[in-house]
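Asks: next come a sequence and a model predicted from it.
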Amino acid sequence: MTKIKICLVIPSLHPGGMERVMTELANYFVIQPNIDVNLILYGRERSVFYSINENIKIYRPSFTFNNQRRLWNTIKTLFFLRQQIRSLHPNTVLSFGEVWNNMVLMACWGLPYPIFVSDRCQPDKQWSFLQRNLRSLLYPKATGIIAQTDKAKDIYGAIFPHNNIQVIGNPIRNIDKGTGVVKENIVLSVGRLISTKHHHELIRIFARINPANWKLIIVGGDALKQQNSLLLQALIQELDMTEKIELAGQRADVDDFYHKSQIFAFTSSSEGFPNVIGEAMSAGLPVIAYDCVAGPSDLIDHQETGFLVPLHDTQSFQKHLEQLILDSNLRSKMGIQGREKIKNFAVPQVAKAFKNFILNESATGQFCGQ
């Protein structure tokens with residue numbers, strides 16, 4: 001029996017929300033009957049951090065990307081993508097990655113394969129002149145565009161003349177409560193140590209509260225060459241909070257932190273759909289987060305499953321965080337309600353929505369460049 005061939009295209013599977021989602025989708029697709037999953041990693045690093053099913057075929061360029069010869073290596077990457085996708089002859093192609101989607105659409109121009117793209121960032125993100133114009137030219141040529149939120153769909157619809165934009169949230173993996181785990185007085189935050197996460201604001205907020213017998217733990221490593229761990233550690237020392245605030249670094253055992261924590265705090269100002277908020281809710285944690293343009297408000301019901309705080313309103317954030325620290329009943333109530341709500345984003349049903357869209361639409365959709 002001939003199998004349906006899905007081609008998933010992403011720069012890498014290093015730690016990150018976009019990469020986590022692609023991993024969940026790949027692992028779901030590959031266990032479905034009659035589906036063959038092919039994964040192309042074409043970024044500079046092409047690393048795999050997450051566990052993927054052994055039946056998923058992975059393809060990478062044979063050359064190392066040399067940033068000192070960026071133009072030439074970009075051209076080589078475009079040719080690699082085109083040749084690899086043509087050799088696979090897939091029924092459908094799904095690409096993640098904002099500016100990376102431009103490369104995939106360029107590489108596949110004129111090929112007879114349906115191409116679906118999805119940005120995984122804040123939908124009103126400001127782009128360079130080049131990227132903005134490439135997106136305006138290329139995105140309308142995709143067979144379909146997947147938006148993570150209704151807000152994102154509205155923004156994309158105003159930018160791209162495209163009649164096939166579908167809203168599909170992220171699949172949120174189930175985080176159990178942890179058998180025999182004793183809860184500790186921990187405020188947890190998970191996310192790469194990049195400037196848009198504003199960990200320095202969270203550190204200062206927690207230091208002002210300085211609750212007795214509580215700790216703040218931030219899980220995540222340096223990224224985007226920003227080296228923020230050094231700056232954040234210096235801030236922690238400056239505030240004399242080294243005993244109460246911990247930078248745990250990049251961890252594979254993040255579930256253990258969800259299990260033992262009591263509260264999840266998130267000060268990011270730029271999100272597409274923050275998986276870590278969903279994972280925290282799945283683990284039964286109340287969540288307090290900045291209400292950035294898209295993402296947190298799709299997950300958090302204000303004053304029911306947590307608190308949504310206006311961007312950079314540190315006083316309001318501090319008030320609500322202190323409220324959660326002092327009220328165990330409120331933490332429990334919000335945690336239970338959050339765990340129930342996040343079931344709407346369970347991996348099987350979200351992955352099925354992706355599958356139906358990229359396969360059903362590919363049967364009649366336009367091809368890239370047509």
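Replies: Great, that's in hand. Here the structure is a predicted model, which is why all the values come from computation and not from measurement. Numbers count the residues shown, from 1 in each chain.

Asks: so, low pLDDT: which residues of this structure?
Replies: The chain contains residues with pLDDT under 70 at 1, 361-370.

Asks: show me where it has helices.
Replies: 17-30, 70-88, 99-107, 129-138, 150-159, 199-209, 228-238, 254-260, 275-282, 296-299, 314-326, 328-341, 347-360 (DSSP state H).

Asks: please state the offset of stretch 13-26 from the chain centre?
Replies: 7 Å (CA atoms, centre = their mean, to the nearest Å).

Asks: send me it as PDB with only the CA atoms.
Replies: In PDB, the C-alpha atoms belonging to stretch 13-26 read as follows (Å, rounded to 0.1, in the frame of the first residue of the first chain):
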ATOM      1  CA  LEU A  13      15.200  20.800  16.700                       C
ATOM      2  CA  HIS A  14      17.300  22.700  19.400                       C
ATOM      3  CA  PRO A  15      15.400  23.700  22.600                       C
ATOM      4  CA  GLY A  16      12.500  26.000  21.800                       C
ATOM      5  CA  GLY A  17       8.800  26.200  21.500                       C
ATOM      6  CA  MET A  18       8.700  26.000  17.700                       C
ATOM      7  CA  GLU A  19      10.900  23.000  17.800                       C
ATOM      8  CA  ARG A  20       8.900  21.300  20.500                       C
ATOM      9  CA  VAL A  21       5.700  21.700  18.400                       C
ATOM     10  CA  MET A  22       7.300  20.200  15.300                       C
ATOM     11  CA  THR A  23       8.600  17.300  17.400                       C
ATOM     12  CA  GLU A  24       5.100  16.600  18.700                       C
ATOM     13  CA  LEU A  25       3.600  16.800  15.200                       C
ATOM     14  CA  ALA A  26       6.300  14.500  13.700                       C
END
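
Asks: so what touches that stretch?
Replies: 8, 10, 12, 37, 39, 41, 45, 47-53, 56, 94, 96-97, 120, 170-171, 173, 192, 220-221, 223, 250, 272-276, 347, 351, 354 (CB atoms under 8 Å, 6 or more residues apart in numbering). Yep, even glycine has a C-beta here, placed from its N, CA and C like the rest.

Asks: list only those of those flagged as buried.
Replies: 8, 10, 12, 37, 39, 41, 48, 50, 52, 56, 94, 96-97, 120, 170-171, 173, 192, 220, 223, 250, 272-276, 347, 351, 354 (16 or more other CB atoms under 10 Å).

Asks: about what we covered before: okay, the helices of the chain in CSV with distance to residue 178 next?
Replies: Putting those into CSV (distance: least, CB to CB, whole Å) gives the following:
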stretch, distance to residue 178
helix 17-30, 20
helix 70-88, 41
helix 99-107, 36
helix 129-138, 43
helix 150-159, 33
helix 199-209, 23
helix 228-238, 27
helix 254-260, 3
helix 275-282, 12
helix 296-299, 21
helix 314-326, 20
helix 328-341, 13
helix 347-360, 19
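
Asks: residues in contact with residue 336?
Replies: Counting by CB under 8 Å, 6+ apart, residue 336 has contacts residue 284.

Asks: now it: how far from residue 222?
Replies: Distance, residue 336 to residue 222, by CB to CB, to the nearest Å: 35 Å.

Asks: count the residues that sit near the closest residue to residue 201 other than its chain neighbours.
Replies: Excluding its sequence neighbours, the residue lying closest to residue 201 (CB to CB, 6 or more residues apart in numbering) is residue 267, at 5.0 Å. With neighbours defined by other CB atoms under 10 Å, the count for residue 267 comes to 25.

Asks: contact partners for residue 267?
Replies: Residue 267 touches 189, 197-199, 201-202, 205, 289-290, 317, counting by CB under 8 Å, 6+ apart.

Asks: my guess is residue 250 meets residue 220, correct?
Replies: Yes. Counting by CB atoms under 8 Å, residue 250 touches residue 220, with 6.4 Å between them.

Asks: of all the helices of the chain, which lies closest to residue 3?
Replies: Nearest to residue 3 among the helices of the chain is helix 17-30 (10.7 Å), distances taken as CB to CB.

Asks: next one: the closest one to chain centre, how far?
Replies: 11 Å.

Asks: any idea of the angle that helix forms with helix 347-360?
Replies: 80 degrees (axes from the mean of the first three to the mean of the last three CA atoms, to 10 degrees).

Asks: what distance do you get for residue 325 to residue 109?
Replies: From residue 325 to residue 109 the distance is 54 Å (CB to CB).

Asks: out of the two, which sits in the busier spot?
Replies: Counted by other CB under 10 Å, residue 325 and residue 109 do not tie: residue 325 has more neighbours, with 19 against 16.

Asks: rewinding a little: and the helices of the chain, which is most packed in?
Replies: helix 275-282 (a mean of 26; mean count of other CB atoms under 10 Å).

Asks: show me what that helix is packed against.
Replies: Judged by 3 or more CB pairs under 8 Å, 6 or more residues apart in numbering; DSSP states H and E, helix 275-282 is in contact with helix 17-30, strand 186-190, helix 254-260, strand 263-266, strand 287-290, helix 296-299, helix 328-341.
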